[in-house]
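coordinates for the following, if possible.
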Amino acid sequence: MARYTGPKTKISRRFGEPITGNGKWLTKNSNPPGQHGANKKRKTLSEYGLQLKEKQKAKYTYGLLEKQFRRTFEEASRRRGVTGENLIKLLEARLDNTVFRLGIAPSRQAARQLVSHKHITVNGEVLNIPSYSCKPGDVISLKNKSAVNASITGFVRGKNPKFNWMEWNEAEMKGTFIAYPERESVPENIKEQLIVELYSK
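Numbering: from 1, shown residues only. Model (predicted):
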């Protein structure tokens, strides 16, 4: 299971965005990490540095390790269409991300834990693989036993209306992955073209 267990705020400060959770600490200290803080002279990043930074940002955002991210990119490049957009679609279609987008879990890390601990079903079958790629028509829900567990349902907040590639039935605690999202519908601030250029070297 791919996961980052270090300080989340440090990663958010590195990129200047709340990519691993809420950004409440960024308002207190938005300087990049390091003992010299704001006084340290920051070098202008090279073209390669910008591309690498964008790839790292995407990896931390979706919680993938290098090998997984590379495999996802290779799958995106094999598919028809724009490779960068395909990459975002595949990342968004991951089961852990879908559980998070449906509002079943408050964060991607929490969603990954729900999936790994067998609380989530896909089309009625328990699935504990966070990297499972959802397909249009897949129905994602909490396992019957988990759906009556207050410690789990207490975090369910329902889907954000702007995520129009999914449907959420609050009464049945069930969501449907309708289609792969269009790039403009995904709110993440990731310049996927830089990642494509990095891997194309």
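
okay, CA-based contacts and neighbour counts for the rest of this
OK.

and stretch 78-87, how far out from the chain's middle?
18 Å (CA atoms, centre = their mean, to the nearest Å).

for the protein, what spans make up the strands?
Ranges of strands in the chain, per DSSP state E, are 120-122, 125-126, 139-142, 166-169, 174-177.

out of those strands, nearest to G16?
Nearest of the strands of the chain to G16, taken as CA to CA: strand 166-169 at 29.2 Å.

okay, which residue is most central for the chain?
Y62 (3.1 Å; CA atoms, centre = their mean).

so that residue makes contact with L95?
No. Counting by CA atoms under 8 Å, Y62 sits too far from L95 to count as a contact (11.1 Å).

where does the chain dip in pLDDT?
1-4, 21-42 (pLDDT under 70).

make it 90
Low-confidence segments of the chain, defined by pLDDT under 90: 1-45, 147-149, 151, 153, 155, 157-162, 170-173, 201.

and it, what are its domains?
8-90+188-199, 94-179 (automatic domain parsing).

tell me which of the ones you listed sits most buried.
The highest average neighbour count among the domains of the chain, using mean count of other CA atoms under 10 Å, belongs to domain 94-179 at a mean of 18.

okay, how far is it across it, tip to tip?
13 Å (CA to CA, to the nearest Å).

how far out from the middle of the chain is it?
So, by CA atoms, centre = their mean, the centroid of domain 94-179 is 13 Å from its chain's centroid.

before we move on, what about stretch 46-56?
Using CA atoms, centre = their mean, the offset of stretch 46-56 from its chain centre is 19 Å.

just the helices in this structure please.
Remark: helices assigned in the chain by DSSP state H are 8-15, 47-62, 66-78, 83-92, 95-101, 108-116, 150-153, 192-199.
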